[in-house]
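Asks: Here is my input, please return the structure:
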Amino acid sequence: MRRGQEVLLDFTTLLDVTMLLLFFFVLFSRMDVDQVKQSAAADQRAAQSVMDEARDLKNKAENELADAQAQKAQAEEALRQLNDADAQRAADLAALQYYGIGQNLKLRLELDGNDWMLSVRRGDIVPHMLESGSVNADMLRTVLSELRYQKEDTVLCEFLYEGEKPGSRAAYQTVQNALHALKADYPHLYISETDISPF
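Replies: Here you go, the predicted model:
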């Protein structure tokens, strides 16, 4: 090269290469961003799917728990009913045993002319003689309490009367009304009626 001669540098090619590099950098950067976005969207969908599945499992578990609690409540109620039935059977058996040996409750309507009395006894216990004016549910409740009957007991009662005697119908009705009201407190009170007139 000679002195004094100018050197011409052509940057066109260098500029073209630089532009190509810049273009590819922008292009690949854009692709990376799109891939990151797609990956994030896929992760978000996966997370939503996991959350939905967890919610479904939670709802299923809550439903199963509610069903289990309902079944437990039913089982407890069935057990309570069985226990009540066993207790009632025991009370019924005891009442039948007392009836078999004559220790059950006996009511007898005693008519004397225009007046009457109600004899209340349990086996050989000295009877209560209730005058006609005092026969009501409250008085019978008091007598049963004195005879040691509990409200949950099975009470087998014999009611004896003489239907052919004058005044027996009104006396019978008074006693029936008192016994009917008494059943509200003694739900297991069972009454047999016998008209002893023919005997």
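Asks: So which other helices or strands are in contact with the longest helix along the chain?
Replies: Looking across the chain with DSSP state H, the single longest helix is helix 12-100. If contacts are counted by 3 or more Cβ pairs under 8 Å, 6 or more residues apart in numbering; DSSP states H and E, helix 12-100 sits against strand 155-161. Just so you know, the C-beta spots here come from the backbone N, C-alpha and C atoms, and that holds for glycine as well.
Asks: what does the average pLDDT come to for the longest helix of the chain?
Replies: For helix 12-100, mean pLDDT rounds to 81.
Asks: per-domain residue ranges of the chain.
Replies: 11-101, 102-195 (automatic domain parsing).
Asks: Point out the most buried one among these.
Replies: Stretch with highest mean neighbour count among the domains of the chain: domain 102-195 (a mean of 16; mean count of other Cβ atoms under 10 Å).
Asks: Could you identify the helix or strand that succeeds the longest helix of the chain?
Replies: Remark: after helix 12-100, the chain's next helix or strand is strand 105-112, criterion DSSP states H and E.
Asks: chain center to that next one, what's the gap?
Replies: Put simply, strand 105-112 sits 44 Å off its chain's centre (Cα atoms, centre = their mean, to the nearest Å).
Asks: got the CA positions of that strand in PDB?
Replies: Provided in PDB are the C-alpha atoms of strand 105-112 (Å, rounded to 0.1, in the frame of the first residue of the first chain):
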ATOM      1  CA  LEU A 105    -103.500 -53.100  91.600                       C
ATOM      2  CA  LYS A 106    -107.200 -53.800  92.300                       C
ATOM      3  CA  LEU A 107    -110.000 -51.200  92.300                       C
ATOM      4  CA  ARG A 108    -113.400 -52.300  93.600                       C
ATOM      5  CA  LEU A 109    -116.600 -50.200  93.500                       C
ATOM      6  CA  GLU A 110    -118.500 -50.600  96.700                       C
ATOM      7  CA  LEU A 111    -122.100 -49.500  96.500                       C
ATOM      8  CA  ASP A 112    -124.200 -48.800  99.600                       C
END
